[in-house]
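S.K.: Build me a model:
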Amino acid sequence: MKGIIFTEFMELVEQQFGLEVLDEVLEMSGDEGIYTAVGSYDHKDLVKLIVNLSKKTNIDATTLQQVFGKTVFKTLLASIPPTASIGTSSTTFQFLRHVEDYIHVEVKKLYSDAHPPQFDFISETETEMIMDYQSARCMSNVCLGLIEGCAEHFGESVRVQMTPQMEDGSLVRFNLTVS
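M.R.: Down below sits the predicted model:
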């Protein structure tokens, strides 16, 4: 997993809960907290940080993942070059298609060791999109937050229903409805 995800997570924890909580979560996790935005790290370290933040704050880990996804959307959006085709998106659905067709492709080109999640689009109308999220990292709640952040960015009201397709959470179907 790319380091930008780790650095953004730690920044969010510090902003929302304070440096003392971040230090305690890092200590609970046996983590020194030294990450660079372009480095690659084991996603299990992020999971451990989220679980320990949950223990420390008594906030459900899935909720923390969702909030993190929504928050990190703006940072990831800002990192996209202005000349990228994804910049022509004007709706949440268009943007999500571009994530799979552009961002995930570019990430793989830049970082041969990267394994971004895969979006498989099942069906789409003007108001409904059904897509599968597939990732060995099982972080569909981060994906949910990213979708919510995306919808907010485009000023759309999007209702999202998640249905696990695999028991381990590695495959989740998202049914998105614009209202």
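S.K.: which one is Glu32 nearest to, not counting chain neighbours?
M.R.: Nearest non-adjacent residue to Glu32, counting by CB to CB, 6 or more residues apart in numbering: Leu26, 7.0 Å away. Using the backbone N, CA and C atoms, a C-beta is placed for each residue, glycine as well.
S.K.: and that neighbour, what is it in contact with?
M.R.: Residues near Leu26 by CB atoms under 8 Å, 6 or more residues apart in numbering: 32-33, 49.
S.K.: Which ones among the residues you listed map onto strands?
M.R.: Applying DSSP state E to the contacts of Leu26, no entry is found in strands.
S.K.: Mind giving me the PyMOL select for those residues, buried ones only?
M.R.: Selection of buried members from the contacts of Leu26 for PyMOL, criterion 16 or more other CB atoms under 10 Å:
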select buried, resi 49
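S.K.: Make JSON lines from the contacts of Leu26 and add pLDDT and distance to Pro81 to it.
M.R.: JSON lines is the format used below for the contacts of Leu26 (pLDDT from 0 to 100; distance: CB to CB, whole Å):
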{"residue": "Glu32", "pLDDT": "93", "distance to Pro81": "32"}
{"residue": "Gly33", "pLDDT": "92", "distance to Pro81": "29"}
{"residue": "Leu49", "pLDDT": "96", "distance to Pro81": "29"}
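S.K.: Just send the contacts of Leu26 back as TSV, with distance to Pro164 too.
M.R.: Below are the contacts of Leu26 laid out as TSV (distance: CB to CB, whole Å):
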residue	distance to Pro164
Glu32	34
Gly33	31
Leu49	23
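S.K.: domain ranges for the chain?
M.R.: Using automatic domain parsing, the domains assigned to the chain come out as 3-59, 71-178.
S.K.: and the helix or strand bottoming out on mean pLDDT in the chain, what other elements does it pack with?
M.R.: The helix or strand of the chain with the lowest confidence, counting by mean pLDDT, DSSP states H and E, is helix 104-110 at a mean of 72. The contact analysis (3 or more CB pairs under 8 Å, 6 or more residues apart in numbering; DSSP states H and E) places helix 104-110 against no helix or strand.
S.K.: what does it contact?
M.R.: 2, 84, 114, 116-119.
S.K.: Pull the distance from that helix to the chain's centre.
M.R.: 16 Å (CA atoms, centre = their mean, to the nearest Å).
S.K.: what's the answer for stretch 37-46, then?
M.R.: The chain centroid and the centroid of stretch 37-46 are separated by 13 Å under CA atoms, centre = their mean.
S.K.: what's the span of that stretch from first residue to last?
M.R.: In terms of CA to CA, to the nearest Å, the two terminal residues of stretch 37-46 are separated by 14 Å.
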